[in-house]
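**Student:** The sequence and its predicted three-dimensional model are supplied below.
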Amino acid sequence: MSDSFPYTSKGLPALKLVSVACALACASLSHAQTDDCLRLRTAASLSDAPQVVNDNSASFISADQMETTDDQIILTGDAEVRRARTIIRGNNITYTQSTDTVDVKGDAVVLRDGVRFAGPELNYQIETETGEMQDASYAYPARRIQGKTKYARFESGQSTQLRDATLSTCKPGSKAWWIQADTLTIDETTNLATVHDASFHLAGLPVMGLPYAFFPVGTERQSGLLAPTISLSSDLGLDYAQPIYWNIAPNYDYTFTPRLVTKRGVILGNEFRFLTPNMGGTLNYDWMPHDRHEDESRYGARVDGWAQWNDIRFRANYNRVSDGDYLDDFSGNLAESDESVLPQDLFMTYGKDFWHASLSVQKNQVLNRDHHAPIDKPYEKVPQFAWNAYYADFHGFEISSTFEATKFKHKDEDFKPEGDRFYMQHSVAYPMRGAAWFVTPKAMITGVSYNLTGLNNLDQQFRESIGYEKNSQFIVPTFSLDTGLIFERDASWFGTDATQTFEPRLFYVYTPYRDQSKMPVFDSSYADLSFGSFFMENEFTGHDRVSEANQVSLILTSRYLDRKTGFEWLRASIGQRFYFSDQDVALNRYTINNWRWYQNGNRSTEGLNQDKKSDYLGNVTAHLTKDVVVSTTAQYSTDESRFTRINAGIRWQPKSSAVMGLYYRYDDLPTTALADRIKQIDFGVQWPLTNTLYGLARYNYALDESKPVEMLAGIEYVADCWALRLVGQRTLDSEDRYDTTFFIQLELTGLGSVGSDPIEDLRRAIPGYRPTTDQPGPAGLYDYYE
């Protein structure tokens, strides 16, 4: 005889009842047996440790009806059995206790760590996590993978073998693409799928046979072939690269990338990455044994790494190429191909709470390209010692201290002095702030000392004309006062309640004159006029020059803020610096060319300033709507009564992957070299033409030269589970020739892509560009918990 009764509580409420019962039991015994009670330990987050199934694992069952016999429990109607990481559901479930097996009839479902299999029937042994199912469908949500199989066998909770199976990341029923395999084995410990005797189908047609292949079904890295990159350009021809990835260990990997460039030869790319608790980094070495165009071997190398022991940290950034044109020829990144100086740096730092010290060697490789003007080579620091201390609040005072000792070397020994420089700067400030005001007085002292070497090696006329001294130094005090007010009033922004602010700010600096004309310039230059430089005590960057100052900067800012959300609808600023004395400290950085110009009787006054005020600088950024933003920054010359620099643009971005922008750039400062002056318009757009088709375009036109600098056009087709990108790009290179490149990329959601990846170029070319597809990220243990 059997008992029958409704059993409606589910597994999770049962778990809650068990927890409450344990807590009450412990409370009732707390006076008599405190040490024997259950101790609950708090945790900051849920543990990702997988549950282990064994004899002590509890099972939770639920159903509309339940019948029991001596050895079986029969569940009928919305039946469910849970144990550890396994969930089994069905219309009818028979659980045999002696064998720990379940037989499911009707709408059978088994879930293991979020992986779901469904079919008409299921036979499953819970403790060993083995079983079988026929005519099943399955889904791996973390990778968006789904498919069907004639037969599925579950083995030890760690792998599943499928016969006559399909695999796709498309929605069920879609014929966009899929893999048909005689045998498909999924290892759930490594999240790796292996297929035998398979074929790849695209748009309903078989396009490729796969006798043997493997690919990830999770988000973890797996060894094997990565998606190749393919491009076509007028300079290189067909460019095909096939990465081969070796996942050596969770914290070590290596990628070997043979790259065929039809007009040049073969490049062998190597990348090794490592990460330990005390060190990490990336090693790259690309080698072309023979470039048919240059008739020589070529290479590019990079070391980027760090190491740390206790409070000591090391950092290395070493870059080197075989010749100045290597990056221009073979880098797929336009920004990287424009690099003219490659750093070769090594740092060691040691720090405590309020101070840190560093020892570094900073060398470089200057890339002198063919058909380019020679580059003014920077100095090398071999070595540099630096000590910095900062205390933000010492009884209300803000204290800062810096000391540097540097040995400078240069490869142009005829016209570049070398030697040692010692630099120190100490400051103390006392910030005071109220609800609508702030005042910060600051006192600072700066000292610089030089010990030059090899002066006799310099060109004699050059040395005598400049008048360098072997030993020279100066110490100069500086006082500054930073103060501002904040006024507010109620306002309206196109019908939206807003708060308007008016924020005047004054920054006064006084530094007496110190003669620095016979001192070298190792790393200093002029600071560009900007809203940031208005609040700098020194108008020079680096540590070779300290500008004479008796001046005040006035900046007026007004903002419109949404009264409810604080969103900034408008920011408008205008600023100018007023000089109360002449600026007699010059940079005097002579190259051989301007020294000859100086030799011909033209006394250089570079850096001397007798103006009573600086140029005007203004900026307006306005959100006309939530989707439309307009921004303009302009510099107006008071001497020449004209604009010398303008950056303006308008961008409309109503939704993700829909953006349109028009920009204007103008730079005609008197100090800007003629070759570097800019007058350009730039238009970029990414726009949905239909629900699945997107258009891409960029047109960058030089108005002063009456020719385009860069043109780009393309389309993106995005379906449920795949995307196709076709992009053509035409750029003006350093030799004033156009280079044309074509990108073709087929992306299969969840599996990767084939062809060239134009995403980074599109992000650079079209401000606001967003990929129309997204690859799944790492999944947590509870992301797909049911």
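**Tutor:** Yep, it's here.
**Student:** For stretch 98-116, which residues meet the burial criterion?
**Tutor:** By neighbour count on 16 or more other C-beta atoms under 10 Å, the buried set for stretch 98-116 is 100-104, 107-116. Just so you know, the C-beta spots here come from the backbone N, C-alpha and C atoms, and that holds for glycine as well.
**Student:** In strands, which of those appear?
**Tutor:** Within the buried residues of stretch 98-116, residues falling in strands by DSSP state E are Thr101, Val102, Asp103, Val104, Asp107, Ala108, Val109, Val110, Leu111, Arg112, Val115, Arg116.
**Student:** Surely the fourth one touches Asn92?
**Tutor:** Yes. With contact defined as C-beta atoms under 8 Å, Val104 counts as touching Asn92 (7.1 Å).
**Student:** okay, and the common contacts of the two?
**Tutor:** Contact criterion C-beta atoms under 8 Å, 6 or more residues apart in numbering; residues bridging Val104 and Asn92 by contacting each: Ala79.
**Student:** Just checking: what are the partner strands of the helix or strand Arg505 falls within?
**Tutor:** For Arg505, the host element (DSSP states H and E) is strand 496-511. Using DSSP bridges, strand 496-511 pairs in its sheet with strand 471-485 (antiparallel), strand 487-493 (antiparallel), strand 549-562 (antiparallel).
**Student:** any idea of the mean pLDDT for the last one?
**Tutor:** Strand 549-562 shows an average pLDDT of 96 in the prediction.
**Student:** cool, stretch 251-270 as well?
**Tutor:** The predicted model assigns stretch 251-270 a mean pLDDT of 93.
**Student:** Now do the strands in the stretch 301-450 of the chain.
**Tutor:** 312-321, 341-351, 355-366, 380-394, 397-409, 418-429, 432-433, 437-453 (DSSP state E, counting those that start in this stretch).
**Student:** could you dump the last one to PDB, C-alpha only?
**Tutor:** These are the backbone C-alpha positions of strand 437-453, laid out as PDB (Å, rounded to 0.1, in the frame of the first residue of the first chain):
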ATOM      1  CA  TRP A 437      34.000  80.200  -2.200                       C
ATOM      2  CA  PHE A 438      37.600  78.900  -2.000                       C
ATOM      3  CA  VAL A 439      41.000  80.400  -1.400                       C
ATOM      4  CA  THR A 440      44.300  78.600  -1.600                       C
ATOM      5  CA  PRO A 441      47.600  80.500  -0.900                       C
ATOM      6  CA  LYS A 442      50.700  78.600  -1.800                       C
ATOM      7  CA  ALA A 443      54.400  79.200  -1.300                       C
ATOM      8  CA  MET A 444      57.100  77.300  -3.300                       C
ATOM      9  CA  ILE A 445      60.800  77.200  -3.800                       C
ATOM     10  CA  THR A 446      62.600  75.700  -6.800                       C
ATOM     11  CA  GLY A 447      66.300  75.100  -7.300                       C
ATOM     12  CA  VAL A 448      68.200  73.800 -10.400                       C
ATOM     13  CA  SER A 449      71.900  73.000 -10.600                       C
ATOM     14  CA  TYR A 450      73.900  71.800 -13.700                       C
ATOM     15  CA  ASN A 451      77.300  70.100 -14.100                       C
ATOM     16  CA  LEU A 452      78.000  69.900 -17.800                       C
ATOM     17  CA  THR A 453      80.500  67.600 -19.400                       C
END
